[in-house]
Every structure is written in C-alpha cells, then in structure tokens.
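> okay, structure incoming, though there's no sequence with it:
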C-alpha cells in the first residue's frame, strides 16, 4: 500500500495544495505532503484555490507553502508532479527517486492558474481532479 505521497508544483499555493487535499480526503490514513520547486515559502493557498476547495467541502486555509527538500522526497513512496519539467527536475536533483516520480496527468501538464483568471483555475482544478481520480484507482489496485 502506498501510504506516503508527495505532490509537487511550482509555488505550492495553487495546484499541489489542491491535489494534496483531494488525496488526503480519499486516503485518510496516508501521509500526503505538498511542496514547490520554487515555493512561495510561508504563503497560504491562493484565495481562488481556497474558494474552489470550500465548494468541495475542503478547507485550505491552514496551508503554508513549503519548498521541495531531500527529506520529503526520501520519505515519499510516490511523487506526483504537475508538469513534465518538474518530474525531470526531481529525477535530476534526487536521482534515487527515479521510478517513483510521475506526472499527475500522464498525458498533459496541469495548467498553472497562478495569477490567472477564474476560468484557468477551473480548468486546472478539473485536470487535477481527473489526475487524482486516476491515481486513486492505481493506488487501490496496488493495495489489492
């Protein structure tokens, strides 16, 4: 069973906190952490992300952006990134993680909604929800 997930985006205030929260809701016994390759350290989740998750019954108000670091990569059994570039960065910076680093959405990069309009946030959240759903299926099959 995969019980330690690491979710990565750039600033760790939009995409990865959303994905982390969705995974955490569905995998309550798992440790799910999010971090950013260029984290806006200490910043809370973007207000639009907070609003979009409120509608889904998830509170992001306690989120504080964290930088990607050796410890969280080492502890993660599965690392999910929002983009192929982030995946490649992690595999280069932390070569020991190869084989457990994947894009959340295999066939596409999740659009970055930071400083974009509401429609871009909606698109990003829809992509994240599809990716989370797919990975929950994978994790469930691995646990069987």
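Cool, the structure landed. What you see is a predicted model; the values in this text were computed from it and never measured.

> what's the closest residue to residue 123 other than its chain neighbours in contact with, if anything?
The shortest distance from residue 123 to any non-neighbouring residue, by C-beta to C-beta, 6 or more residues apart in numbering, is to residue 111 (5.4 Å). To be clear about C-beta, it is placed using only N, CA and C from the backbone, and glycine gets the same treatment. Shown in contact with residue 111 (C-beta atoms under 8 Å, 6 or more residues apart in numbering): 120, 123, 124, 127.

> out of those residues, grab the one that's most surrounded.
Within the contacts of residue 111, most neighbours by other C-beta atoms under 10 Å means residue 124, with 25 neighbours.

> what's the closest non-adjacent residue to that residue?
What sits nearest to residue 124 in space, not counting adjacent residues and going by C-beta to C-beta, 6+ apart, is residue 113, at 4.3 Å.

> who's in contact with the one you found?
By C-beta under 8 Å, 6+ apart, the contact list for residue 113 reads 14, 15, 46, 48, 49, 120, 121, 123, 124.

> just flag the most distant two among those.
Spatially, the most separated pair among these is 46 and 123, at 14.5 Å (C-beta to C-beta).

> tell me the SS of residue 22?
helix (DSSP: H, G, I helix; E, B strand; the rest coil).

> OK, contacts around residue 16?
Residues near residue 16 by C-beta under 8 Å, 6+ apart: 7, 8, 9, 34, 35, 36, 82.

> helix or strand for it, which one?
Taking DSSP states H and E as the definition, one finds residue 16 inside helix 15-26.

> now that helix: how far from the chain's centre is it?
Averaged C-alpha coordinates place helix 15-26 at 6 Å from its chain's average position (C-alpha atoms, centre = their mean, to the nearest Å).

> what helices and strands are in contact with the helix ranked longest in the chain?
Using DSSP state H, we find that the single longest helix of the chain is helix 118-143. Packing partners of helix 118-143 (3 or more C-beta pairs under 8 Å, 6 or more residues apart in numbering; DSSP states H and E): helix 15-26, helix 47-55, strand 78-81.
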